[in-house]
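Trainee: using only what follows, build the 3D model:
(chains A and B)
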Amino acid sequence: MQISKMIFVKFKRFQALLLSLLLACFIISCDGEEGALDLSGQDDHTELLTNQVNNVIIPSISNYKDATETLYLSANNFCSSINDSNLNSFRDAYHNTYKSFQSAALHNYYANINYDLVNTTNLFPIDTLLLKNTIISSTYNFSSESQKRANGFPAIDYLIYSSQNTINLFTSDEKKCSYLLKLTESIKNKAVQLDEMWGGSLKENFISNDGVEIGSSIHVQLNSSLSYYEDHIRENKVGLPIGRIGPLDSPIEADPSKIEAYYQSLYDGNDLFALSLVKESIQEMEDLYLGGNTLRNNLINSGYDRLLISRGHSEVDSDIKSQFDLIYSKIDERTSISGDTDLYDAIQGLITIMKSDLFPLLNIQDADGKNDGD
Amino acid sequence: MNSLTRLFTLFIALITLSYCGTTNTEEEVDKAGFLKSNLGDINSIALTNFTIPSSYDIEGSLAPGAYNGQKRRLAQLKEIADSSRNEPIKWDLKAAIANENYDMFNSADAQGGSNIRTKIDELNFDAGNTSVADDFASLADLLVQSSQTNYTVDASNGTAGMITTGSKKRHVSANGLEYAQILEKGLYGAMMYDQMVDDYLRDSQAGKDNELGNNESSIDNYASYGTSRQHKFDEAFGYFGANAATYPNSGNTSSGDGMFLANYTFDFSDETEAAYGVNLAQAAMNAFIVGRSVLKAGQGFGPSQESVNEDLFVAARADIKLYVEAGLAAAAMHYLNDAIADVSDADKIHHLSEALAFIYAMSFNSEGRLTAEEAHNALIAMGWSSSDSSLNGIYGINLWTVTDDQMTSAINILDQSFPGFKDANF
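Mentor: Numbering: from 1, shown residues only, chains lettered A, B, ... in the order given. Below is the predicted model of the structure:
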């Protein structure tokens, strides 16, 4: 081979190598620009945790806080001038706040559980006699155990939907407005407090608490949110009204009055609002799983789904996503919580996949029964 | 004196002073003997970024923390012990121990969802062996039945009824056994001491192997109870019965602001201070304070951030076990000494009942200086069944006829584990 030809061939090879290198760089750079998580180093979850707190938890708490501030303002407007227009505005603010609560409440760990967000804001059914007596006495303690069945959104639901003439209800008894203002103020104050905490040192603590052992942020987040999902979504929102508890087929006596937003359901003649609350809570569970990437693409803001995929468990990820879709379809096809058990079974199905597949594959110990006793 | 001589004199003086100082410290250590603290000089302990408080400051620098269940059970035992001094006893003490229906008690402190029965010898109880709890239930029944039958009878050897010690009337069995003492002091061991030393202070609870660790993150109720290890430690402290803020209060000469175990530990502290240079109550409290401080200083938000000084923790725990056990041993010695010195039979069987109960209580420590077998041997010396170390072994003893020699034998057995206690004037 002539020297000039050899040089030419070598140059061609060099050119091809250079081209390949450039192409590889381009691909990597494209990937980088889209913000994909590098999950190959599976011991470091800093990026995943940072994403969770920035794109899932804090937005949920922050949205809820904003909504509660509007709710409180709206309650003040309504009580300053009790009329249909202000009542409608208050009802809109209530709907919006109650929906945003579903997202905040799913994160039932750290500050949220320490400040007892769920038990002081959304225990239903309400004790109407206790509520009436609380309003009459004008003595409120919205943090107390004794008032927990005369508190939160279920109390508002009763006050603004239990009568066909809500305006008359409030104009005839000024104590109802006194109660409503204090209640909405209490809800707002707690939300503001939680928003401050999550935005403060708790955020850094959450991110730096790496690992998957008991007490690590991943362990706490997955276990606590799933525990909330079991107790408050599966059981309280759906199971008790239709007569089901637990994972197995163990029917109990159904009680359709034990649904969320019960008095609005009576008022509207359907459970559509209650169903929308169920949907909001499921969507937050999905949001947590996807790390805020609700578009379900593979590029940005990935969450636990990417962790599964990066470890070669795409089929489990597909199963989980399909299960979410199934739950949504079961919600959308009904107007009442009561009825068949399809929705309950679909909700239970997600627990089964998470406990039998997701947790073991991520080396997360199921924390059932690990609570500290006396 | 020229300056060289002055310098030399100063040097000699310094050497002498430091030599004298060393001698004093060594003497103190030698004097302490087996009561020497595992913590060393308490004043030299320094923790990173944490100042050790002077009390068990559970509402301040050691917060959050709580031991509500322990307070409730101690209040329940107090109500049971107080009621067992009534004659006749009209209360169902067995039901009270189990707190049936959770409505057995009058005092607000004793009311609530806790009971004594399930905490008696709990590790075995939880494993299905309820025999110790059953023995106490039977004892409670015997006390109530005998009291109702014999409360008007004067007791004598072979006759159940009342004895008089000082201004107090006390109910005893035909064998002279004061059931109420066995019930109360026996439970010091089978519940409180057992819960403290064999349960809550072990590695899987307050110690390094606690699965939930010493971090805020692993439990839901950190804001109320502190970390899991801290809570277990607080529960151990709760069974001690000391006032967290004031114990040992020398101004309260009757109890030092402690009840039950803490009270008796306090009662013999002056004597141990004189004989060993160690004040039992203060030393036990120091150990609780240091142990809890070590956990507080070493807690993290998550498990990877924990940094507990385990050596110091283990030393504090060893001190707690040592001084609480020594308090029980001192009480047993004291009542044996009393019983030997007593002139009247009534006083003797009262004090002997207490001594038997304290020695039996000491058997509930699997790592004590006095082993369960040695405790049984001391009891056998006074007539306890040699084939039955359970509480049932006590019923064969005729307390009226136990001799001074028998009690001296028991003292000598105890003294082997607590050298010098027989001469400590308890």
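Trainee: what sits up against the helix or strand where residue A:130 lies?
Mentor: Assigned by DSSP states H and E, residue A:130 belongs to helix A:128-137. Applying CB atoms under 8 Å, 6 or more residues apart in numbering or on different chains, the contact partners of helix A:128-137 are A:140, A:147, A:149-150, A:155, A:158, A:162, A:173, A:175-176, A:178-179. Glycine gets a C-beta too; all of them are placed from N, C-alpha and C.
Trainee: and it, how far out from the chain middle?
Mentor: 31 Å (CA atoms, centre = their mean, to the nearest Å).
Trainee: circling back to that earlier point, which one of the contacts of helix A:128-137 is nearest to residue B:141?
Mentor: residue A:149 (41.5 Å; CB to CB).
Trainee: quick one: contacts for that closest one?
Mentor: A:123, A:125-127, A:130-131.
Trainee: report the residue spans of chain A with pLDDT below the cut-off.
Mentor: Flagging of chain A using pLDDT under 70 yields the residue ranges A:1-43, A:249-250, A:298-301, A:368-374.
Trainee: and it, which residues reach chain B?
Mentor: Contact residues, chain A versus chain B (CB under 8 Å from any CB of the partner chain): A:109-110, A:113-114, A:205, A:208-211, A:213-217, A:219-220, A:224, A:370-372, A:374.
Trainee: drop anything exposed from those residues.
Mentor: By neighbour count, with 16 or more other CB atoms under 10 Å in any protein chain shown, the residues of chain A next to chain B hold A:109-110, A:113-114, A:205, A:208-211, A:213-217, A:219-220, A:224, A:370, A:372 as buried.
Trainee: sec struct for the residue most central in space within chain A, please.
Mentor: Ranked by distance to the mean C-alpha position of chain A (CA atoms, centre = their mean), the top residue is residue A:103 at 3.0 Å. Per DSSP: H, G, I helix; E, B strand; the rest coil, the secondary structure class of residue A:103 is helix.
Trainee: look up how far chain B lies from it.
Mentor: From residue A:103 across to chain B, the span is 20 Å (CB to the nearest CB, to the nearest Å).
Trainee: that residue reaches residue A:285, doesn't it?
Mentor: No - contact between residue A:103 and residue A:285 fails when scored by CB atoms under 8 Å: they sit 9.5 Å apart.
Trainee: for the helix or strand hosting residue A:78, buried residues please.
Mentor: Element membership of residue A:78 [criterion: DSSP H and E] is helix A:58-80. Across helix A:58-80, burial judged by 16+ other CB under 10 Å covers A:58, A:60-72, A:74-79.
Trainee: swap in stretch B:228-245?
Mentor: Neighbour-count burial for stretch B:228-245 [16+ other CB under 10 Å]: B:228-244.
Trainee: does that stretch reach chain A?
Mentor: Yes - on the criterion CB under 8 Å from any CB, stretch B:228-245 is in touch with chain A at B:228, B:231, B:235.
Trainee: surely the second one is within a helix?
Mentor: Yes - judged by three-state DSSP, residue B:231 forms part of a helix.
Trainee: need the residues of chain B near chain A, please.
Mentor: B:68-69, B:114, B:211-213, B:215, B:217-223, B:225, B:228, B:231, B:235, B:301-305.
Trainee: please flag which of those sit within strands.
Mentor: The strands in this structure, assigned by DSSP state E, contain none of these.
Trainee: can you select the buried ones from those residues in PyMOL?
Mentor: Command for PyMOL that selects the buried part of the residues of chain B next to chain A, burial taken from 16+ other CB under 10 Å:
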select buried, chain B and resi 68+69+114+212+213+215+217+218+219+220+222+223+225+228+231+235+301+302+303+304+305
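Trainee: before we move on, the earlier item: let's see the helix holding residue A:78 as CSV, backbone CA atoms only.
Mentor: The C-alpha trace of helix A:58-80 is given here as CSV (Å, rounded to 0.1, in the frame of the first residue of the first chain):
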residue,chain,number,x,y,z
ILE,A,58,-43.3,20.8,48.6
PRO,A,59,-45.5,21.7,45.7
SER,A,60,-48.3,19.6,47.3
ILE,A,61,-47.9,21.3,50.7
SER,A,62,-47.5,24.7,49.1
ASN,A,63,-50.6,24.4,46.9
TYR,A,64,-52.5,23.3,50.0
LYS,A,65,-51.2,26.3,51.9
ASP,A,66,-52.2,28.7,49.2
ALA,A,67,-55.7,27.1,49.0
THR,A,68,-56.2,27.4,52.8
GLU,A,69,-55.3,31.1,52.7
THR,A,70,-58.0,31.6,50.0
LEU,A,71,-60.4,29.5,52.0
TYR,A,72,-59.9,31.7,55.1
LEU,A,73,-60.3,34.9,53.1
SER,A,74,-63.4,33.5,51.5
ALA,A,75,-64.8,32.5,54.9
ASN,A,76,-64.3,36.1,56.1
ASN,A,77,-66.0,37.5,53.0
PHE,A,78,-68.9,35.1,53.5
CYS,A,79,-69.3,35.9,57.2
SER,A,80,-69.0,39.6,56.5
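Trainee: so which residues make contact with that helix?
Mentor: Taking CB under 8 Å, 6+ apart as the rule, helix A:58-80 contacts A:86-87, A:89-90, A:92-94, A:96-97, A:100-101, A:103-104, A:106-107, A:112, A:170, A:177, A:180-181, A:184-185, A:187-188, A:191-192, A:194-195, A:198-199, A:203, A:284, A:287, A:292.
Trainee: what residues sit buried inside stretch A:84-93?
Mentor: Quick answer for stretch A:84-93 (16+ other CB under 10 Å): A:86-87, A:89-91, A:93.
Trainee: which one of the residues you listed sits closest to residue A:342?
Mentor: For the buried residues of stretch A:84-93, the nearest to residue A:342 is residue A:91 (30.2 Å; CB to CB).
Trainee: nearest residue to the closest one other than its sequence neighbours?
Mentor: Nearest non-adjacent residue to residue A:91, counting by CB to CB, 6 or more residues apart in numbering or on different chains: residue A:160, 6.1 Å away.
Trainee: distance of that neighbour relative to chain B?
Mentor: The gap separating residue A:160 from chain B is 33 Å, by CB to the nearest CB.
Trainee: how about that residue, what does it touch?
Mentor: Per CB under 8 Å, 6+ apart, neighbours of residue A:160: A:87, A:90-91, A:94, A:166.
Trainee: got it, and residue A:154?
Mentor: A:122-126, A:260-262.
Trainee: element containing residue A:345?
Mentor: Residue A:345 belongs to helix A:342-353, assigned by DSSP H and E.
Trainee: list the buried ones in that helix?
Mentor: A:343-344, A:346-351.
Trainee: what of stretch B:376-393?
Mentor: In stretch B:376-393, counting by 16+ other CB under 10 Å, buried: B:376-385, B:389, B:391, B:393.
Trainee: likewise stretch B:321-337?
Mentor: Quick answer for stretch B:321-337 (16+ other CB under 10 Å): B:321-337.
Trainee: which residue ranges of the stretch 151-300 of chain B form helices?
Mentor: B:179-187, B:222-225, B:228-240, B:261-267, B:269-276, B:280-297 (DSSP state H, counting those that start in this stretch).
Trainee: report the angle between the axes of the longest one and helix B:269-276?
Mentor: Helix B:280-297 and helix B:269-276 are oriented at 100 degrees to each other (axes from the mean of the first three to the mean of the last three CA atoms, to 10 degrees).
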